[in-house]
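> curious how this folds, go ahead:
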Amino acid sequence: MAWNTFPLTVVGVDMITPSVLSLTFERSDGEPFEYKAGQFINIHFEADGQAVHRSYSVATPPDGGAFDIAISPVKDGRATTLLFGLKVGDTIDASGPYGRFILRDDEPCRYILAATGTGITPYRAMLPELKELLAKGFTVDILLGIWRREEALYAKDFMDFCDDNDGAVFRACYSREMPEEPRLHEGEGHVQIHIAALDPRPETDIVYLCGNPNMIDEAMEMLKAREFPTKKLRREKYLPART
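Model prediction:
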């Protein structure tokens, strides 16, 4: 397949949790990067003499300028070696945007936005759109499944958003290490348990699922048992990367 690639320049490098790297890019050719919140890009590179690519959701609300992606390391991963070695000023090829994991022209409802790990990144890009929808009668529950508090990616962004906007609730769901003194926005157990605890109903809710395939499959099974139609279930699986 022929890809319509364009060059990106690294303009920011930051470890935003103990394991997750954030890279900030700008197009090197001076063109704006136009996309919809929830979409992803492909990063293209060569490994062992072969052209390969890896996909990453954009974590920044679209404005045509610089944008972020978040990368979790994969042991001995070729993309991990490349991306964790980038410095400000380095360039890399990309293509996109791609994907239909976006907010749509829905009637006022409750959005349940559930994710694991870096699967939360599309929802961060959606925050300005969600703010507008809240003013129109929507509500939103944002659930992040993570191992421990230190890895709660973009948690402050979501907490600040919910503090500033009525009808928005964020919960970090810890599957391994529950803090000794949990905060109001923290809960124990896998994220799919917390989806069920919200008592989702197809008459009033639309559910977005992003991240670990096992979480998505289990949540889909539960939601279909509640007679959710396909049009009210929107998912994007983060499949394990090949090395």
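
> tell me where the model's unsure across the chain.
In the predicted model, the chain carries pLDDT under 70 at residues 1-2, 177-180, 182, 240-243.

> what's the helix or strand hosting Ser22 packed up against?
Secondary-structure assignment from DSSP states H and E places Ser22 in strand 21-27. The elements that strand 21-27 packs onto, with contact taken as 3 or more Cβ pairs under 8 Å, 6 or more residues apart in numbering; DSSP states H and E, are strand 6-15, strand 67-71. Where you see a C-beta, it was placed from the backbone N, CA and C, and this is true even at glycine.

> can you give the distance of the last one from its chain's centre?
Once both centres are worked out by Cα atoms, centre = their mean, to the nearest Å, strand 67-71 turns out to sit 10 Å from its chain's centre.

> how about residues contacting the very next helix or strand once past that strand?
Next helix or strand after strand 67-71 toward the C-terminus (DSSP H and E): helix 78-83. By Cβ atoms under 8 Å, 6 or more residues apart in numbering, the surrounding residues in contact with helix 78-83 are 21, 23, 43, 45, 47-48, 52, 54, 71, 73-74, 92, 241, 243.

> quick check: buried residues in the helix or strand containing Ile195?
Element membership of Ile195 [criterion: DSSP H and E] is helix 191-197. Buried positions in helix 191-197, judged by neighbour count with 16 or more other Cβ atoms under 10 Å: Val191, Gln192, Ile193, His194, Ile195.

> tell me the contacts of the third one?
Taking Cβ under 8 Å, 6+ apart as the definition of contact, the neighbours of Ile193 are Cys173.

> how about the fourth one?
For His194, the contact set (Cβ under 8 Å, 6+ apart) comprises Ala114, Leu143, Gly145, Arg171, Cys173, Gly187.

> next one: it from Thr60, what distance?
26 Å (Cβ to Cβ, to the nearest Å).

> thanks again, I'm all set now.
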